[in-house]
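Student: Structure for this input, please:
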Amino acid sequence: MDDTLIHRGGCHCGRVRFEAEGPRHLEVLDCNCSICCKTGFLHWIVPRSRFRLLSGEADMVCYQFGTGVARHYFCGHCGIKSYYVPRSNPDGIDINVRCLDEDPQRSITIEAFDGRDWDKAGATLAHLSTE
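Tutor: Residues are numbered from 1 along each chain as shown. Sure, this is the predicted structure:
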């Protein structure tokens, strides 16, 4: 059995659709920083080469704060942030696992991530966007 899948997902209204290649079993992070707690974002960081935006590019709105490195993309119609370019991995894409379509072939493990202590924890993510 092949150990990889094409994971598909998108925003609530369906204008934004994407796919990403990755393992059947996803190891994702539940960050406790202020923006992730308020949005309920579950993080799966992938190399940019494994992410494809299928539709909705013109519908996206970008929000930046703090250092301005992270680019938080939201659907301008329904407001859902299904992916963004993370500060920790500006060469990758961080996908909100909660925005993936249901897939019985996929399994998920959720690990806590201490985003409130960014200076200590941020560097531990660098490897996630490499091939």
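Student: Which stretches in this structure count as strands?
Tutor: 4-10, 17-23, 25-31, 42-47, 51-55, 60-63, 71-75, 83-85, 92-96, 107-113 (DSSP state E).
Student: Relative to residue 121, which of those is closest?
Tutor: strand 107-113 (6.4 Å; C-beta to C-beta). The way it works is simple: take the backbone N, C-alpha and C, and place the C-beta from them, glycine included.
Student: can you count the residues close to the residue nearest to residue 120 when sequence neighbours are not counted?
Tutor: Leaving aside its sequence neighbours, residue 120 sits nearest to residue 114 (C-beta to C-beta, 6 or more residues apart in numbering; 7.3 Å). Each residue near residue 114 was counted by other C-beta atoms under 10 Å, and the total is 14.
Student: what residues does stretch 105-124 touch?
Tutor: Stretch 105-124 is touched from outside by 5, 7, 24-34, 36, 42-43, 87-88, 97, 100, with contacts defined as C-beta atoms under 8 Å, 6 or more residues apart in numbering.
Student: got the buried residues for it?
Tutor: Neighbour counts using 16 or more other C-beta atoms under 10 Å place 106, 113, 115, 121, 122 of stretch 105-124 among the buried residues.
Student: Check stretch 69-84 too.
Tutor: For stretch 69-84, the buried set under the neighbour-count rule, 16+ other C-beta under 10 Å, comprises 70, 72, 73, 74, 75, 76, 77, 80, 81, 82, 83, 84.
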